[in-house]
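> Task: produce atomic coordinates for the following.
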Amino acid sequence: MRFKKTRQTIKYNGIYLDCVGYYEPGEAMTYEYPGSSANFDVHEVFVDSTDIMDLLDDTQLEEIEIEVLDAIDDNDW
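I've put the predicted structure just below:
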């Protein structure tokens, strides 16, 4: 596994969030390997300098992780 700690800013429900977590890039599909998709596991979510991670439910955290992956893809990680 090639997890890399990263920080990404996204806009979620009109609020800018600074998300800190671990990113693992996807692996390409080959004849012998089905490949894998990229993954981001969020560990901290900041608004300004306040960590709001405990205020978010599981559904919101999953949505944030997807938004972070989209932002990383847009930046051609």
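> in a helix, that's where T59 is, yeah?
Yes. Assigned with DSSP: H, G, I helix; E, B strand; the rest coil, T59 falls within a helix.
> Tally up the residues packed near F40, please.
Counted with other Cβ atoms under 10 Å, the burial measure for F40 works out to 21 neighbours. All C-beta atoms are positioned from the backbone trio N, CA, C, and that covers glycine.
> Just to check, it is in contact with G21?
Yes. Between F40 and G21 there is a contact at 5.6 Å, judged by Cβ atoms under 8 Å.
> list the residues that contact both of those two?
Applying Cβ atoms under 8 Å, 6 or more residues apart in numbering, one finds that F40 and G21 are jointly contacted by 6, 65, 68.
> How about the contacts made by the second one?
What it means is E65. Going by Cβ under 8 Å, 6+ apart, E65 touches 21, 40-42.
> check which helix or strand covers M29.
Under the criterion DSSP states H and E, no helix or strand holds M29.
> now do I66
Secondary-structure assignment from DSSP H and E places I66 in helix 58-74.
> buried set for that helix?
Judged by neighbour count using 16 or more other Cβ atoms under 10 Å, the buried positions of helix 58-74 are 61, 64-65, 67-69, 71-72.
> Closest one to F46 out of those, please.
Among these, I64 lies closest to F46 (Cβ to Cβ), at 11.6 Å.
> and Y16, what are its bridge partners?
K11 (DSSP bridges).
> Does it touch Q8 like I think?
No. With contact defined as Cβ under 8 Å, Y16 and Q8 do not form a contacting pair (11.1 Å).
> who's more crowded, those two?
When Y16 is set against Q8 and neighbours are counted by other Cβ under 10 Å, the residue ahead is Q8, at 21 against 11.
> Quick one: low-confidence residue ranges for the chain.
Screening the chain residue by residue with the criterion pLDDT under 70, one finds the ranges 1, 76-77.
> Could you dump the contacts of E65 into JSON lines and include secondary structure and distance to D48?
Converted to JSON lines, the contacts of E65 look like this (DSSP: H, G, I helix; E, B strand; the rest coil; distance: Cβ to Cβ, whole Å):
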{"residue": "G21", "secondary structure": "strand", "distance to D48": "18"}
{"residue": "F40", "secondary structure": "strand", "distance to D48": "22"}
{"residue": "D41", "secondary structure": "strand", "distance to D48": "23"}
{"residue": "V42", "secondary structure": "strand", "distance to D48": "17"}
